[in-house]
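Visitor: the following block contains a protein sequence and its predicted model.
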Amino acid sequence: MRFVCAFALLVNVVSAPVSRGFDIIFNYDFDTNNFFGTAGSAQRTALEQAGAFYESIIGDDLDAIDPTQDTSTWQAIFKDPTATTNDVSVTDLVVPADTIFIYVGSEDRGAGNLGLGAPGGFSATPGSQAFYDALTTRGESGITFGTPGDDTDFAPWGGMMSFNEHSSVNWTYDTGSEPGPGEVDFYSVALHEIAHVLGFGTAESFERLVSGSDFIGANAQAENGDNPVPLVAENHVDPSVMSTVFGTATSQQSLMVADLTDGTRNLLTDLDAAMLEDTGWEVIPEPGSAMLLLGGLSMLLFRRGRRQVA
Ligand SMILES: [Zn+2]
């Protein structure tokens, strides 16, 4: 009996990533160009793995958004993943506790661009204070809906991501090995865009910490040698700033630089995690699973072309 217990424990240790209770549900209803194929496709599998990474490191408890409990009605509003100049909406979405929804799809974004990610907005007719609070704060303190500039936390219902289907982008969905020369690593771009949905560069609680062209969050500065973190266009991290891949000692620039070099995999770094913490997320280190996910990667650079990740 002792042996069986020990074996079960061992299995537990090597299974990764371990969910903390945080759940990202990807929704394909607006994937009208069928970029993601059907259940079990390589595209969906890579996307789910990117989501699972965040599920394994985020420890926030989020209240459910449930309009069925009273007379509340609401619309989740977001950019159409297949036509990002348009907004679309979903009425009376039920968002379980600790869960966010991300609507995904693709569009032709032209050569040189890889994707777009953003949190969603909403309109609502709340039937109760409880529903209003759940929708606007999800039970997190530090969010005062309607008072601009003072939020210290971020707790959206979710958002959207759109990936570039332009023929010039040679996507690879293989998460088990480093992308080859000229290949664009979908997993890296998915990790990047999910961070935007989580408010990186997009949330009021992030913007509050942008001073000039620097990010001045306390966790980020501590991670950057007690220095402000220089930003470039649209709140991306200056590529000259180096950090280490989360859960490892591997040196890497931020996942949230504006460009991804072909043939390169970029993973979340300690600096990115610190900036998410400054945005209000509770990030829980889990070196065991991170190591397993990163096993066998070498960081070879193939500088054939740089592409923008919006
Ligand atoms: Zn970006």
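Guide: Ah, there it is. Numbers count the residues shown, from 1 in each chain.

Visitor: for residue 211, which residues count as its bridge partners?
Guide: residue 214 (DSSP bridges).

Visitor: touching, it and residue 229? I think so.
Guide: No: between residue 211 and residue 229 there is no contact under CB atoms under 8 Å: 10.5 Å. C-beta here means a position set from N, CA and C on the backbone, and glycine is covered the same way.

Visitor: higher neighbour count, the two?
Guide: More crowded of residue 211 and residue 229, by other CB atoms under 10 Å: residue 229, with 25 against 10.

Visitor: residue 222 is in contact with the more buried one, correct?
Guide: No: applying CB under 8 Å, one finds residue 229 not in contact with residue 222, separated by 10.7 Å.

Visitor: which element follows the lowest-mean-pLDDT helix or strand in the chain toward the C-terminus?
Guide: Using mean pLDDT, DSSP states H and E, helix 2-14 stands out as the lowest-scoring helix or strand of the chain, at a mean of 34. Following helix 2-14 in sequence order, the next helix or strand is strand 23-27 (DSSP states H and E).

Visitor: strands paired with that following strand, and their directions?
Guide: When DSSP bridges is applied, strand 23-27 pairs with strand 99-107 (parallel).

Visitor: which helix or strand lies directly C-terminal to the strand it pairs with?
Guide: strand 115-119.

Visitor: can you give me the angle that following strand makes with strand 99-107?
Guide: Here the directions of strand 115-119 and strand 99-107 differ by 150 degrees (axes from the mean of the first three to the mean of the last three CA atoms, to 10 degrees).

Visitor: centre of the chain to strand 115-119, how far?
Guide: Centroid displacement of strand 115-119 relative to its chain, using CA atoms, centre = their mean, to the nearest Å, is 9 Å.

Visitor: tell me what whichever helix or strand comes after that strand is packed against?
Guide: Tracing the chain C-terminally past strand 115-119 and defining elements by DSSP H and E, one meets strand 121-125 next. When contacts are defined as 3 or more CB pairs under 8 Å, 6 or more residues apart in numbering; DSSP states H and E, strand 121-125 packs onto strand 73-80, helix 129-137.

Visitor: how does it look with 10 Å?
Guide: strand 73-80, strand 83-91, helix 129-137 (3 or more CB pairs under 10 Å, 6 or more residues apart in numbering; DSSP states H and E).

Visitor: tell me the spacing between the closest residue to residue 78 other than its chain neighbours and residue 198.
Guide: Nearest residue to residue 78, sequence neighbours excluded (CB to CB, 6 or more residues apart in numbering): residue 120, at 3.8 Å. Note on residue 120: its distance to residue 198, by CB to CB, to the nearest Å, is 12 Å.

Visitor: which one of these two is surrounded by more residues?
Guide: Set residue 120 next to residue 198 and count neighbours by other CB under 10 Å: residue 198 wins out with 28 against 24.

Visitor: pretty sure the more buried one contacts residue 279?
Guide: Yes: with contact defined as CB atoms under 10 Å, residue 198 and residue 279 form a contacting pair (7.2 Å).
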